[in-house]
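**Student:** Got a predicted model here, sequence first, then my questions.
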Amino acid sequence: MAVKKIKTKDKHIKNLATIVGDASSILYQKVDLLAYECDGFTVYKHSPKAVVFPKNTNEVSALVKYCSDNQLPFLARGAGTGLSGGAIPLNNEVIISLVKMKKLLNVDLENRLAVVQPGYVNLKLTNSISDKGYYYAPDPSSQSCCTIGGNVAENAGGAHCLKYGVTTNHILGLEVVLPNGDIIELSENGILDVPGYDLLGLLTGSEGTLGIVTKITVRILKSPESKQTVLAYFDRVDDGSQAVSDIISAGIVPAALEMMDKTAIEAVESAAFPVGHPRDIAAVLLIEVDGIAAGIDEQINQILEVCKKRNVREVREAKDEQERASWWANRKTGFGAMGAISPDYLVQDGVIPRSKLPEVLKRIEQISQESGLRIANIFHAGDGNLHPLVLFDARIPGETDKAILAGSACLQACADVGGTITGEHGVGIEKREEMRFVFNDEEIIAQTNIREVFNPKNLLNAGKLFPTPGRCGEIKQVMKEATTVS
Ligand SMILES: Cc1cc2nc3c(=O)[nH]c(=O)nc-3n(C[C@H](O)[C@H](O)[C@H](O)COP(=O)(O)OP(=O)(O)OC[C@H]3O[C@@H](n4cnc5c(N)ncnc54)[C@H](O)[C@@H]3O)c2cc1C
């Protein structure tokens, strides 16, 4: 019945619509596809062939099998908040959107786990269990809209991952549709050493290139008894970043240790959630400690001692939960706040040893001067996960390319000090070439061999994650040319 409403002669669209059984579960007209031309990485845009919205695992499996049998490229998509272009179609893909699979299937407090469908939004899980004294730890700043399926694909992190670990540390089981349509279950069932290969670990963070996740079992944690949050303002970036190193080397592990520089402060104070940060300050640290109430004051005092030694100008302690929440809203909306001071921005995601913070932040400042573009820094300082935000205006000819090069130079600076090119946002299409900063050809081939085992026809999310061997340097050019097609 639904297929009658489909206004196209394309037999594949009709057949895909039949699988999802409902014309409202497929988009295929150019105007409807515009929103799916990119994800949160808006620099490159390509049109998909269609977007289908399955309602259950069997429909995902049937869609995948159809694509595989008919040589149609396809990819999975959650909320589309990815920042490295992982959900951008490069080959006229059929996008399999998981947003209709958004149920919380089970909560088992006794065993401290929950089972969700992939389209379930991250923050909803904590909101559903907080009244019982539990929460889900991985908290990307996009947690109010990104999906747990997307978090698994990207091995998402967040502010509190310093103490609690990233997504992979909280995944207990996955149901996955393989690129030929087969459905497999991967579970560690609380067993510490599972026989065979660690496929659960392999799939988590594989950026949607090995299979489509259709069900997820996650660990949930008991909410901490107590929390305290402070803001520490520094007149010199160096002092702020040295304080970060000193806090960790003193053996204190805060729940979160975030940093923003002057340009970032200008943005967040000009946007929707200002909190009165002094605008003349060089850096602010947002520090949170949690745990049993008895130990909190001592930890805070130790942290304040460290900050004093590093010439902190001013410290504020959150006076209540409302103030704490306002500080977090200010921090977590930081990327979007860039819109208040720049028409466009590109966010990077390098990781460095914490002790190299002062050196790399200086290099980023140099890159800003060399490129003539402002670069703001908002980042997870405690685990050395930098987010330089390159500010640019795409309307000015050549400025987008300049921003891409500046972003790449920031990643090179991270790799040069023994760090790496992504901490949580993934490689996608954005950092394929930069994979060469940290892997040689043999290492890249070892990884692409794994992809070929799972995805031998290379129909699932092709062209993502790895550079083409031997084509270093050409990739950005290829991407540029491809954008003119869409
Ligand atoms: C303002 C802002 C702040 C952010 N802050 C953070 C942060 O603090 N930490 C962090 O880690 N990230 C952050 N991100 C990036 C992004 O939110 C995460 O990468 C998130 O995990 C993506 O989830 P999504 O549902 O939007 O996935 P999408 O963007 O839809 O997809 C991302 C990738 O996952 C694949 N995928 C999606 N669903 C599935 C599935 N079910 N099975 C297999 N593959 C799938 C896609 O093919 C794609 O490759 C931020 C993004 C924004 C816009």
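**Tutor:** Sure, I can see it.
**Student:** And the pLDDT at the most centrally placed residue in the chain?
**Tutor:** Nearest to the geometric centre of the chain sits His425, at 3.6 Å (C-alpha atoms, centre = their mean). At His425, the pLDDT value in this model is 96.
**Student:** isn't it right next to Leu83, touching?
**Tutor:** Yes - between His425 and Leu83 there is a contact at 4.3 Å, judged by C-beta atoms under 8 Å. In this view, the C-beta of every residue, glycine as well, is placed from N, C-alpha and C.
**Student:** shared neighbours of these two, anything?
**Tutor:** Val347, Asp349 (C-beta atoms under 8 Å, 6 or more residues apart in numbering).
**Student:** so what are the domain limits for the chain?
**Tutor:** Domain assignment for the chain, taken from automatic domain parsing, gives 1-223, 226-338, 342-483.
**Student:** Lowest average pLDDT across those domains?
**Tutor:** domain 342-483 (a mean of 91).
**Student:** so does that one get close to the ligand?
**Tutor:** Yes - against the ligand, domain 342-483 shows contacts by C-beta under 6 Å from any ligand atom at Glu424, His425, Asn461.
**Student:** So Cys413 sits against Ile364, correct?
**Tutor:** To be clear, residue 413 is Ala; Cys isn't right here. Yes - assessed by C-beta under 8 Å, Ala413 is found in contact with Ile364 at 6.6 Å.
**Student:** Would you mind naming what in this structure lies close to the ligand?
**Tutor:** Checking the chain against the ligand by C-beta under 6 Å from any ligand atom, the hits are 39-40, 75-83, 86-87, 98, 118, 140-142, 146-147, 149-151, 153-154, 156-158, 207-208, 212-213, 335-336, 424-425, 461.
**Student:** C-alpha coordinates for the helix or strand Glu288 falls within, PDB please?
**Tutor:** Take DSSP states H and E as the rule and Glu288 turns out to sit in strand 283-291. Coordinates of each C-alpha in strand 283-291 appear next as PDB, following Å, rounded to 0.1, in the frame of the first residue of the first chain:
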ATOM      1  CA  ALA A 283      42.300  30.700  30.700                       C
ATOM      2  CA  VAL A 284      39.700  29.100  33.000                       C
ATOM      3  CA  LEU A 285      39.700  25.600  34.400                       C
ATOM      4  CA  LEU A 286      36.400  24.000  35.200                       C
ATOM      5  CA  ILE A 287      37.200  21.300  37.800                       C
ATOM      6  CA  GLU A 288      34.800  18.800  39.300                       C
ATOM      7  CA  VAL A 289      35.500  16.200  42.000                       C
ATOM      8  CA  ASP A 290      33.000  13.600  43.100                       C
ATOM      9  CA  GLY A 291      32.800  10.600  45.500                       C
END
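**Student:** List the buried residues for the following helix or strand past it?
**Tutor:** Counting by DSSP H and E, the next helix or strand C-terminal to strand 283-291 is helix 293-309. For helix 293-309, the neighbour count (16 or more other C-beta atoms under 10 Å) marks Ile296, Gln299, Ile300, Ile303, Leu304, Val306, Cys307 as buried.
**Student:** And the contacts of helix 293-309?
**Tutor:** By C-beta under 8 Å, 6+ apart, helix 293-309 touches 225-228, 230, 232, 243, 246-247, 250, 252, 254, 285, 287, 289-291, 312, 315, 317.
**Student:** Among the residues you listed, the buried ones, what's the PyMOL command?
**Tutor:** Selection of buried members from the contacts of helix 293-309 for PyMOL, criterion 16+ other C-beta under 10 Å:
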select buried, resi 227+228+230+232+243+246+247+252+254+285+287+289+290+291+312+315
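**Student:** Among the contacts of helix 293-309, which ones are in strands?
**Tutor:** Ser226, Lys227, Gln228, Val230, Ala232, Leu285, Ile287, Val289, Asp290, Gly291, Val315, Glu317 (DSSP state E).
**Student:** And whichever residue of the stretch 351-486 of the chain sits closest to the ligand, which helix or strand is it part of?
**Tutor:** Here the residue of the stretch 351-486 of the chain nearest the ligand is Glu424; by C-beta to the nearest ligand atom that distance is 3.2 Å. Under DSSP H and E, no helix or strand contains Glu424.
**Student:** What is the neighbour count of the residue lying closest to it once chain neighbours are set aside?
**Tutor:** In space, and not counting its chain neighbours, Glu424 is closest to Gly157: 3.6 Å by C-beta to C-beta, 6 or more residues apart in numbering. Per other C-beta atoms under 10 Å, the neighbour tally for Gly157 reads 26.
**Student:** Also Leu123?
**Tutor:** Neighbours around Leu123, by other C-beta under 10 Å: 15.
**Student:** Just confirm it is within a helix.
**Tutor:** Yes - when classified by DSSP: H, G, I helix; E, B strand; the rest coil, Leu123 is found to be part of a helix.
**Student:** Now it. Nearest residue, chain neighbours left out?
**Tutor:** Closest to Leu123 by C-beta to C-beta, 6+ apart is Gln143, at 4.4 Å.
**Student:** circling back to that earlier point, just send the buried residues of helix 293-309 back as a markdown table, with distance to Ala406 too.
**Tutor:** Shown next, in a markdown table, are the buried residues of helix 293-309 (distance: C-beta to C-beta, whole Å):
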| residue | distance to Ala406 |
| --- | --- |
| Ile296 | 41 |
| Gln299 | 38 |
| Ile300 | 38 |
| Ile303 | 33 |
| Leu304 | 36 |
| Val306 | 32 |
| Cys307 | 31 |
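**Student:** of those, closest to the ligand?
**Tutor:** Nearest to the ligand among those, with distances taken as C-beta to the nearest ligand atom, is Ile303, at 22.2 Å.
**Student:** Glu165 and the ligand: what is the separation?
**Tutor:** No Glu there; residue 165 is Gly. Look at Gly165 and the ligand: by C-beta to the nearest ligand atom, to the nearest Å, they are 12 Å apart.
**Student:** about what we covered before: correct me, but the residue nearest to Leu123 touches Tyr120?
**Tutor:** No - between Gln143 and Tyr120 there is no contact under C-beta under 8 Å: 11.7 Å.
**Student:** out of those two, which sits in the busier spot?
**Tutor:** Legend: neighbour count by other C-beta under 10 Å for Gln143 and Tyr120, higher for Tyr120 (25 against 22).
**Student:** List the residues that contact that one.
**Tutor:** By C-beta under 8 Å, 6+ apart, the neighbours of Tyr120 are Met101, Lys102, Lys103, Leu104, Thr147, Ile148, Gly149.
**Student:** Could you grab the helix/strand/coil label for Ala462?
**Tutor:** Ala462 ends up coil, using three-state DSSP.
**Student:** what about it, neighbour count?
**Tutor:** With other C-beta under 10 Å as criterion, Ala462 counts 17.
**Student:** coming back round to it: kindly present the residues of domain 342-483 next to the ligand as CSV, with separate columns for distance to Gly418.
**Tutor:** Putting those into CSV (distance: C-beta to C-beta, whole Å) gives the following:
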residue, distance to Gly418
Glu424, 18
His425, 20
Asn461, 30
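**Student:** Among the contacts of Tyr120, which ones are in helices?
**Tutor:** Among those, DSSP state H puts Ile148, Gly149 in helices.
**Student:** Quick check, Gly384 in contact with Glu359.
**Tutor:** No - judged on C-beta under 8 Å, Gly384 makes no contact with Glu359 at a distance of 11.8 Å.
**Student:** So between those two, which is more surrounded?
**Tutor:** Gly384 (25 against 16).
**Student:** what residues are up against the more buried one?
**Tutor:** Counted by C-beta under 8 Å, 6+ apart, Gly384 has contacts Val351, Ile352, Pro353, Arg354, Lys356, Leu357, Gly419, Gly423.
**Student:** what sits against the fourth one?
**Tutor:** Applying C-beta under 8 Å, 6+ apart, we find Arg354 in contact with Val244, Ser245, Ile248, Ala381, Gly382, Asp383, Gly384.
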